[in-house]
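Q: could you work out the structure for the sequence below:
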Amino acid sequence: MTFTIWLSLVAICLLGAMSPGPSLAIVAKHSLAGGRNHGLATAWAHACGIGVYALVTVLGLSVLLHQFPVIFKTISLLGALYLAWLGFNAIRSKGGIVERLESGKQVSVISAAKEGLFISLLSPKIALFFTALFSQFVAVGSEMSDKTIIVATPLIIDGLWYTFITFMLSSPRLLDSLKSRAKFIDQLSGAVLILLAIRVVFTL
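A: Here you go, the predicted model:
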């Protein structure tokens, strides 16, 4: 895997982590209600769930690539359409990256970590996202080292992003700054996702 391809993987993993949804809501809830330790526990447990999804997806797509290339290309095309749909919705957003930030009842650190893990493992959105994402990278990364990078990258990116969210929520100034730029962030993310979808189509 070349450095340029890896940067593409980093970019799309970051965009996936940044997209608003239940994952953002649960990390924000425990960060606001329980404090930094609760937020960090939720964030990295969620990242571990992402790692499990990444591993299962890479193994499954690798089998399809070698044994059923037509099915692999079909999944890649459907994945590109899904990325484009995500991008279109993000461009139409009205600041969704912060609309899910909410407080909640405080629980133990272990309970916060469990919620973070389960919200990633039980999300059909994440399963679809990884199928769409990894189809283009599995095709160019056949070595074991490449597969390791493909699995480790989203896990680390996800953990670092939600660590940032946790620290940000302890700083009202940073939170206000994010809110003021939320619409622009969503629109930029959407444009990048659409470009990545186009790239997938032209590399099939």
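
Q: correct me if wrong: residue 129 contacts residue 16.
A: Yes: between residue 129 and residue 16 there is a contact at 5.4 Å, judged by Cβ atoms under 8 Å. Where C-beta positions appear, they are placed from N, C-alpha and C, glycine not excepted.

Q: tell me which element residue 86 falls in.
A: In the assignment (DSSP states H and E), residue 86 maps to helix 69-91.

Q: what mean pLDDT does that helix have?
A: The average pLDDT within helix 69-91 is 77.

Q: and what of stretch 153-161?
A: Mean predicted lDDT for stretch 153-161 stands at 94.

Q: check stretch 27-45 too.
A: Averaging pLDDT along stretch 27-45 gives 86.

Q: just the C-alpha atoms of that stretch, please, in PDB.
A: Coordinates of the C-alpha atoms in stretch 27-45 are reproduced here as PDB (Å, rounded to 0.1, in the frame of the first residue of the first chain):
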ATOM      1  CA  VAL A  27     -19.600   9.700  23.600                       C
ATOM      2  CA  ALA A  28     -20.900  13.200  24.100                       C
ATOM      3  CA  LYS A  29     -23.400  12.000  26.700                       C
ATOM      4  CA  HIS A  30     -20.800  10.300  28.900                       C
ATOM      5  CA  SER A  31     -18.300  13.100  28.400                       C
ATOM      6  CA  LEU A  32     -20.800  15.700  29.600                       C
ATOM      7  CA  ALA A  33     -22.500  13.600  32.300                       C
ATOM      8  CA  GLY A  34     -19.500  11.700  33.700                       C
ATOM      9  CA  GLY A  35     -16.500  13.700  32.800                       C
ATOM     10  CA  ARG A  36     -13.300  13.100  30.900                       C
ATOM     11  CA  ASN A  37     -12.600   9.500  32.100                       C
ATOM     12  CA  HIS A  38     -16.100   8.400  31.200                       C
ATOM     13  CA  GLY A  39     -15.700  10.000  27.700                       C
ATOM     14  CA  LEU A  40     -12.300   8.400  27.100                       C
ATOM     15  CA  ALA A  41     -13.600   5.000  28.200                       C
ATOM     16  CA  THR A  42     -16.600   5.300  25.800                       C
ATOM     17  CA  ALA A  43     -14.400   6.600  23.000                       C
ATOM     18  CA  TRP A  44     -11.800   3.800  23.000                       C
ATOM     19  CA  ALA A  45     -14.300   1.000  23.700                       C
END
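
Q: what comes up buried for that stretch?
A: Within stretch 27-45, the residues that qualify as buried are 27-35, 38-45, counting by 16 or more other Cβ atoms under 10 Å.

Q: how close does the most far-flung residue of the chain relative to its centre sit to residue 61?
A: Most distant residue from the mean C-alpha position of the chain: residue 67, 28.0 Å away (Cα atoms, centre = their mean). Using Cβ to Cβ, to the nearest Å, one gets 11 Å for the distance from residue 67 to residue 61.

Q: which residues does residue 137 contact?
A: Shown in contact with residue 137 (Cβ atoms under 8 Å, 6 or more residues apart in numbering): 1, 5, 9, 150.
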